[in-house]
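*Asks:* Predicted model, plus sequence, below.
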Amino acid sequence: MILPTIRASFGRSDARQLVDLLGRSDPDLRDLAEARLEEQGVDALLDDPRVLNALLTDESVTASPHIIFYVLVRQALLEGGLDSRATADFVASVVVAFSHSNRAYRPSEDSDQEYHYLVDVLERMSRADERQAFMLKAHLGNFSLWLAGLFPDFVEARVRRRGAPSIDYYERMGATGYRLASESRQAKALGVEAVFGQVARDFPGVRAALNRLSDRYLWAEGSDPVGRLLREVAGRVERR
């Protein structure tokens, strides 16, 4: 089960690294960063756009993937007007978890069953017990968000070649998965009912934020500029 645990994992050494990043070339900026850390906590530094710039441009930085992906996701969501840190924490946790081999196709870390199509998740959900159904509902959301968010060109290429489901379909299925998962007693027990519900409501905007992240940092050389523009416009319309 993927839980929003990245922010809680940040320790004192991570906070000190952020201070060092912000004040590397200017003692005054370092002092300001130190003061912000003491007064407002590590979130104030994680929200600073200069941290993202330093993480991506300073070759000497050795930050963990958890920090890098959290900051990437957080800034992409903020750009789209989504300011929930809980959402950023959860989405970044999904991205990090799914970066491991074949994890994106499995509802849980210890699951042997892989699902490469949403229809297979839905079919299995219809005959699962309560706990399995909860895991599959969450996976329906996670897999839809991961695929439509980070690999939109792949989705659209399949639409053109084979008439496969569009990004709109993944948005509907993903939002439905998170909404159904949020309504289960397992979500309440794990403390994720609120974040699941929030991501369900904001799914188009979260998807668009991951599109921006993907286009800029993951597939910048091969992405389609027209497709990027259309997805950005669609994301803005959905948020109105």
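*Replies:* Happy to help now that I have it. Model, not experiment: these values are computed from the prediction.
*Asks:* going forward, measure contacts between C-alpha atoms and count neighbours the same way
*Replies:* Noted.
*Asks:* Any figure for the gap between the residue nearest to the spatial centre of the chain and Phe196?
*Replies:* Using Cα atoms, centre = their mean, the residue of the chain that lies closest to the mean C-alpha position is Val91, 2.6 Å off. Note on Val91: its distance to Phe196, by Cα to Cα, to the nearest Å, is 10 Å.
*Asks:* got it, and Asp120?
*Replies:* Asp120 is 22 Å from Phe196, by Cα to Cα.
*Asks:* These two: who's more crowded?
*Replies:* Neighbours were counted for Asp120 and for Phe196 using other Cα atoms under 10 Å; Phe196 has more, 25 against 12.
*Asks:* Please put the alpha-carbon coordinates of whichever strand or helix holds that one into PDB.
*Replies:* Assigned by DSSP states H and E, Phe196 falls within helix 193-201. Below are the C-alpha coordinates for helix 193-201, written out as PDB (Å, rounded to 0.1, in the frame of the first residue of the first chain):
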ATOM      1  CA  GLU A 193      -9.500   9.000   3.300                       C
ATOM      2  CA  ALA A 194      -9.000  12.700   3.100                       C
ATOM      3  CA  VAL A 195      -6.000  12.600   0.700                       C
ATOM      4  CA  PHE A 196      -7.700  10.000  -1.500                       C
ATOM      5  CA  GLY A 197     -10.800  12.200  -1.700                       C
ATOM      6  CA  GLN A 198      -8.800  15.300  -2.500                       C
ATOM      7  CA  VAL A 199      -6.900  13.600  -5.300                       C
ATOM      8  CA  ALA A 200     -10.100  12.300  -6.700                       C
ATOM      9  CA  ARG A 201     -11.600  15.800  -6.800                       C
END
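*Asks:* Could you list every helix and strand in contact with that helix?
*Replies:* In terms of contacts (3 or more Cα pairs under 8 Å, 6 or more residues apart in numbering; DSSP states H and E), helix 193-201 is packed against helix 85-98, helix 167-182.
*Asks:* could these be laid out in TSV, adding distance to Arg50 and mean pLDDT?
*Replies:* Shown next, in TSV, are these (distance: least, Cα to Cα, whole Å; pLDDT from 0 to 100):
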stretch	distance to Arg50	mean pLDDT
helix 85-98	18	97
helix 167-182	31	97
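*Asks:* And those helices: which comes nearest Arg160?
*Replies:* helix 167-182 (12.1 Å; Cα to Cα).
*Asks:* angle of the closest one against helix 193-201?
*Replies:* 160 degrees (axes from the mean of the first three to the mean of the last three Cα atoms, to 10 degrees).
*Asks:* Quickly list the domain ranges of this protein.
*Replies:* 1-100, 105-240 (automatic domain parsing).
*Asks:* which of these has the lowest average pLDDT?
*Replies:* Here these differ in mean pLDDT, and the lowest is domain 105-240 at a mean of 87.
*Asks:* Can you give the distance from it to the centre of its chain?
*Replies:* Offset of domain 105-240 from its chain centre (Cα atoms, centre = their mean, to the nearest Å): 10 Å.
*Asks:* start the count at 44, not 1, going forward
*Replies:* I'll keep to 44 as the first residue from here, and by that count the last item is domain 148-283.
*Asks:* Without its sequence neighbours, what residue ends up closest to Ala176?
*Replies:* Nearest non-adjacent residue to Ala176, counting by Cα to Cα, 6 or more residues apart in numbering: Met168, 5.2 Å away.
*Asks:* and the one you found, how far is that from Leu223?
*Replies:* 11 Å.
*Asks:* Spit out the residues that contact these two alike.
*Replies:* Common neighbours of Met168 and Leu223, using Cα atoms under 8 Å, 6 or more residues apart in numbering, are Lys180.
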